[in-house]
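Visitor: Below: sequence and its predicted model.
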Amino acid sequence: MPITIPKLLPSRKILETENIFIMDDERAVTQDIRPLNIVILNLMPEKQKTETHLLRLLGNTPLQLNITFLRTMSYEPKNVSQSHLAEFYTDFASIKEKRFDGMIITGAPIEHFKFEDVGYWEEITEIMDWAEDNVTSTMHICWGAQAALYHYYGINKFALQQKCSGVFSHRIITEPGIELLRGFDDEFIAPHSRYTDVSIEEIEANENLVLLASSPEAGPFLIKSKDGKHVFATGHLEYDTTTLAEEYQRDCEKGLQVNVPAYYFPNNNPEEKPLNRWRSHAHLLFSNWLNYYVYQATPFEWK
């Protein structure tokens, strides 16, 4: 089944070339089914790339989804046109009286700030508090995961000596039967790109959280709340093949002292084209979340 997105959204053309089943609003209203309503709080600077990353994965399930893109109003994005925001994004004031089956909060390149020093922190926490009663399950990604772990459970991030960038191996460390991990290999890889981390010990000590998968080099990766309302991914399974390469090139152009992303380029050579070795698990993560934590948990009619 398709994802329903605006007819003129730029990522539509990319998704159509990949045979992702999409549908515009006009056709969607003729479908006699109850679609899932998903809101995406997109905090990433290159919003159109992130839209494509996420819609690609959300559109590869049997479920029909209505997608709403949400932006912050307390911070003005610099890397996206105002016309794009005006046409395809809404603000919290416009949706806070509604309820959603699922929500995604993305990462943001603001890890060097304390949470309370982030310009839109109060707005983000208001949205997270609202989601407790108005969203069935939320997936938090990278900085979004760290922010939610801090806001809901008091688990703070800490700075790394150097940027964690690369494609790292992870092992499942929980008991079998967790729906989020159905179909996962015991060991799998995923991209990471961040300057901060969270403590495995603090996660394991919290009675409301379950650590699902971690990496000896990249730290805790997949975490969920015991009630399934929150899923946390500290890395970026949604990344395109070339995203880490683009970030590395950007950092080098800024004069930053960063290492070549680990285990990413063939022969560790940035001149060689990387291969995508995490795509299948990216699709598994999103389809499992949508099926077991959203579709099967959400009410048919919100009251």
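Guide: Received it, and whenever you're ready, just let me know what you need.

Visitor: and residue 160, how many residues sit next to it?
Guide: Residue 160 is surrounded by 13 other residues when neighbours are defined as other Cβ atoms under 10 Å. Where you see a C-beta, it was placed from the backbone N, CA and C, and this is true even at glycine.

Visitor: what comes into contact with the strand or helix carrying it?
Guide: Under the assignment given by DSSP states H and E, the secondary-structure element containing residue 160 is strand 158-172. Contacts of strand 158-172 from elsewhere in the structure, counted by Cβ atoms under 8 Å, 6 or more residues apart in numbering, are 111-112, 181, 184, 186-199, 212-215, 217-219, 221-222, 235, 244, 247-248, 251, 258-259, 261-264, 277-278.

Visitor: just the buried members of those?
Guide: Burial by neighbour count, judged by 16 or more other Cβ atoms under 10 Å, picks out 111, 181, 184, 188-198, 212-215, 218-219, 221-222, 235, 244, 247-248, 251, 258, 261-262, 264, 278 from the contacts of strand 158-172.

Visitor: What about those, which are in strands?
Guide: Counting by DSSP state E, the part of these found in strands is 188-197, 212-215, 219, 221-222.

Visitor: Now the strand holding residue 160: buried residues?
Guide: 163-168, 170, 172.

Visitor: who does the residue lying closest to residue 70 once chain neighbours are set aside bridge with?
Guide: Leaving aside its chain neighbours, residue 70 sits nearest to residue 41 (4.5 Å; criterion: Cβ to Cβ, 6 or more residues apart in numbering). Note on residue 41: beta-bridge partners by DSSP bridges are residue 70, residue 105.

Visitor: Going forward, count from 882.
Guide: All set: I'll call the first residue 882, so the last point we hit is now residue 922.

Visitor: pretty sure residue 922 is touching residue 988, no?
Guide: No. Here residue 922 does not reach residue 988: they are 10.8 Å apart, not a contact under Cβ atoms under 8 Å.

Visitor: Give me the common contacts of the two.
Guide: The overlap between the contact sets of residue 922 and residue 988 (Cβ under 8 Å, 6+ apart) consists of residue 1025.

Visitor: which residues does residue 942 contact?
Guide: Contacts here follow Cβ under 8 Å, 6+ apart; on that basis residue 942 touches 882, 1167-1168, 1171-1172.

Visitor: now swap in residue 1079 and tell me
Guide: Residues in contact with residue 1079 (Cβ under 8 Å, 6+ apart) are 1026-1027, 1030, 1036-1039, 1100-1101, 1115.

Visitor: Of the residues you listed, which is the most crowded?
Guide: Busiest of the contacts of residue 1079 [other Cβ under 10 Å] is residue 1115, holding 29 neighbours.

Visitor: what about residue 1117, neighbour count?
Guide: Applying other Cβ under 10 Å, I find that residue 1117 has 24 neighbouring residues.

Visitor: The one 10 residues further on too?
Guide: Using other Cβ under 10 Å, residue 1127 has 13 neighbouring residues.

Visitor: per-residue confidence at it?
Guide: Reported pLDDT at residue 1127 in the predicted model: 96.

Visitor: same question, the one 5 residues further on
Guide: Turning to residue 1132, the model gives it a pLDDT of 92.

Visitor: which residues sit in contact with it?
Guide: Counting by Cβ under 8 Å, 6+ apart, residue 1132 touches 1044, 1139.

Visitor: State the distance from it to residue 1152.
Guide: Here residue 1132 is placed at a distance of 17 Å from residue 1152 (Cβ to Cβ, to the nearest Å).

Visitor: Between the two ends of stretch 1139-1153, how far is it?
Guide: 18 Å (Cα to Cα, to the nearest Å).

Visitor: Quick one: residues in contact with it.
Guide: Contact partners of stretch 1139-1153, identified using Cβ under 8 Å, 6+ apart, comprise 1043-1044, 1046-1050, 1070, 1072, 1074, 1098, 1125-1126, 1128-1130, 1132-1133, 1154-1156.

Visitor: what mean pLDDT does it have?
Guide: Here the average pLDDT along stretch 1139-1153 is 96.

Visitor: How about stretch 1077-1096?
Guide: The predicted model assigns stretch 1077-1096 a mean pLDDT of 97.

Visitor: how long is it end to end?
Guide: Distance between the boundary residues of stretch 1077-1096 (Cα to Cα) amounts to 15 Å.

Visitor: what do you get for stretch 1058-1067?
Guide: Using Cα to Cα, the end-to-end distance of stretch 1058-1067 comes to 13 Å.

Visitor: Mean confidence (pLDDT) on that stretch, please.
Guide: Average pLDDT, stretch 1058-1067: 93.

Visitor: buried set for it?
Guide: Judged by neighbour count using 16+ other Cβ under 10 Å, the buried positions of stretch 1058-1067 are 1059, 1061-1062, 1065.
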